[in-house]
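Asker: Just the structure for this:
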Amino acid sequence: MHSRRLTLPGVALVCLVTLAACDGGNGGHPAQSRSATAQPQPSGGPGTCDETKPSEAGPWKSVLAEFRDYLKLSGATELTEHVKDAKLRDCPGGDREANVLTDYDPHLEAPNVDTETKKSADRVAHAFTTWRDEKFHDEGWVYVINGAVETVTKRPW
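Answerer: This is a model prediction of the structure:
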């Protein structure tokens, strides 16, 4: 029994030291910790450019004309008028990230948009991922955004 009393405080001290080492300088708040228990983002995961190494991300390039051409050729001309901008950038590790601006969320309510708006944004995201898959065979994430640059929907390709 006596050895158990000595062991328990020792274990508690080791736990505290371990938690402090995993803190990451955020005041010990577990939800904000960048500890070793957090799962790393897989290659091509959401936020690859912004959360991993934003300074190493490539510049944004407009792909609006090419994407609109694809929409017209694929028979999705009804989507073309709603796509206001489309940009793509390379991320560290060879992945890509794209933002497609639409007019589907005019009241800037993302992510709490109605079902119809979400469906429309999902159709644009699906068209974008299909285009990238068919033409370029690359990988990344597309974010369909509103005018306040809030994500209405996202999809990997």
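Asker: hey, which helix is longest across this structure?
Answerer: For the chain, the longest helix by residue count, based on DSSP state H, is helix 115-136.
Asker: What segments of this structure are strands?
Answerer: Secondary structure of the chain (DSSP state E): strands at 61-62, 83-90, 96-102, 140-145, 151-156.
Asker: in the chain, which ranges drop under the pLDDT threshold?
Answerer: Applying pLDDT under 70 to the chain flags the ranges 1-48, 50-54.
Asker: could you list every residue that touches D122?
Answerer: 144, 153, 155 (C-beta atoms under 8 Å, 6 or more residues apart in numbering). (C-beta placed from N, C-alpha, C; glycine too.)
Asker: cutoff 10 Å now
Answerer: Going by C-beta atoms under 10 Å, 6 or more residues apart in numbering, D122 touches 104, 144, 152-155.
Asker: Most neighbours of all those, which one?
Answerer: In terms of neighbours by other C-beta atoms under 10 Å, the contacts of D122 top out with V144 at 29 neighbours.
Asker: Bridge partners for it, pull those for me.
Answerer: On the basis of DSSP bridges, V144 is bridged to V100, T153.
Asker: Tell me who's in contact with it.
Answerer: Residues counted as contacts of V144 (C-beta under 10 Å, 6+ apart) are 82-83, 86, 98-102, 104-105, 110, 118, 120-126, 128, 151-155.
Asker: Show me just the buried residues among those.
Answerer: Buried subset of the contacts of V144 (neighbour count, 16 or more other C-beta atoms under 10 Å): 82-83, 86, 98-102, 104-105, 110, 118, 120-126, 128, 152-155.
Asker: ok, the nearest residue to F128 once chain neighbours are set aside - contacts?
Answerer: Excluding its sequence neighbours, the residue lying closest to F128 (C-beta to C-beta, 6 or more residues apart in numbering) is V142, at 4.7 Å. Contact partners of V142, counting by C-beta under 10 Å, 6+ apart, are 67, 86, 88, 96-100, 124-129, 131-132, 153-157.
Asker: mind running it again at 6 Å?
Answerer: Residues near V142 by C-beta atoms under 6 Å, 6 or more residues apart in numbering: 98, 125, 128-129, 155.
Asker: And the residue lying closest to L88 once chain neighbours are set aside, how far from N112?
Answerer: Nearest residue to L88 in three dimensions, chain neighbours excluded: A98, at 4.5 Å (C-beta to C-beta, 6+ apart). A98 is 23 Å from N112, where distance means C-beta to C-beta, to the nearest Å.
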